[in-house]
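Engineer: Starting from these lines, generate the structure:
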Amino acid sequence: MNNRKVKVGIAQLKCEKDKQANINRAVQKIRELAQGGAQIICLQELFASLYFCDVEDYDNFALAESIPGPTTELFSSLAQELNVVIVASLFEKRAEGLYHNTAAVIDADGSYLGKYRKMHIPDDPGYYEKFYFTPGDMGYKVFRTKYAAIGVLICWDQWYPEAARITAMKGADILFYPTAIGWATSQDRDTNVEQYNAWQTIQRAHSVANGLPVVSVNRTGMEGDMQFWGGSFITNAFGALKYQAPHLEEALHIEELDLTENDSYRRHWPYFRDRRIDSYQPILKRFCDNDDE
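Structural biologist: Okay, the predicted model is just below:
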């Protein structure tokens, strides 16, 4: 069987208020990862700013930019220079008054392959994303890069098995999740541990159910009343942890993934073969009330 090994690089970083300073640091970390041999590099969600969705503030819309735009142009030049694929999560201004939480994918030759707009938008204390972001309208996407076909989903998408399944069905070799999630300072340790374990478990389950590696890249650092919990991780194609970052520190990591394992696990655990697609119509309903039965 052909060699299908790929080196994935992740950057778990703290952010500051100055947008350009964050972008400059991201460029520096991409260079470091590329120097270490990384071929596909993923940054955390909204890496160019503090996590501004903790408040509803109209001034924060000034952080948004077009995609393609200045940051993707910068990363296109960088990707071409370093021969790396870059996954960059940005605040997209689509039109006047219309904004998205969007991940852009740049191929190793510097070409802009396209974008994925976050489909599931939360609205919770400290995560007022519905104030800023319109839900994605491009569907689930797979980007066929020089090194692998990659699927990209964003943060709150992590909790939805349907998103992972559809992206896998479209041919993704690896599933990337740029993320910004943390612990409120008011929470106790047991609650923190429970939340992190749930977050990691469901993503590892997406790996198991779909027979592909998952790469989840979170931010770290204290921002206001939120301690972003880091803990970025990478699985193999059957949900086994290959790497987990610390919670409270920045981390750069490169992991080699053997994509031939996808086929091996899917042959031995043939969930795709045994899917009863004729029985799944109820999933298109909001809820199965008794009078629907």
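
Engineer: hang on, residue 65 packs against residue 94?
Structural biologist: No - Residue 65 is not in contact with residue 94 according to CB atoms under 8 Å; the separation is 10.5 Å. Any C-beta I mention is one placed from the backbone N, CA and C, and that applies to glycine too.

Engineer: okay, the nearest residue to residue 238 once chain neighbours are set aside: pLDDT?
Structural biologist: Nearest non-adjacent residue to residue 238, counting by CB to CB, 6 or more residues apart in numbering: residue 265, 4.8 Å away. What the model reports as pLDDT for residue 265 is 97.

Engineer: And for the one 10 residues further on?
Structural biologist: In this model, residue 275 is scored at 96, pLDDT.

Engineer: which residues touch the residue nearest to residue 238?
Structural biologist: 211, 237, 238 (CB atoms under 8 Å, 6 or more residues apart in numbering).

Engineer: Need those residues in TSV (columns: secondary structure).
Structural biologist: Formatted as TSV, these follow (DSSP: H, G, I helix; E, B strand; the rest coil):
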residue	secondary structure
211	coil
237	coil
238	coil
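
Engineer: Secondary structure element holding residue 252?
Structural biologist: Using DSSP states H and E, residue 252 maps to strand 251-258.

Engineer: That strand pairs with which strands, and in what direction?
Structural biologist: strand 5-12 (antiparallel) (DSSP bridges).

Engineer: In the partner strand, which residues are buried?
Structural biologist: If you call a residue buried by 16 or more other CB atoms under 10 Å, then strand 5-12 has these buried ones: 6, 7, 8, 9, 10, 11, 12.

Engineer: Averaged pLDDT, that strand. What do you get?
Structural biologist: For strand 5-12, the per-residue pLDDT averages 98.
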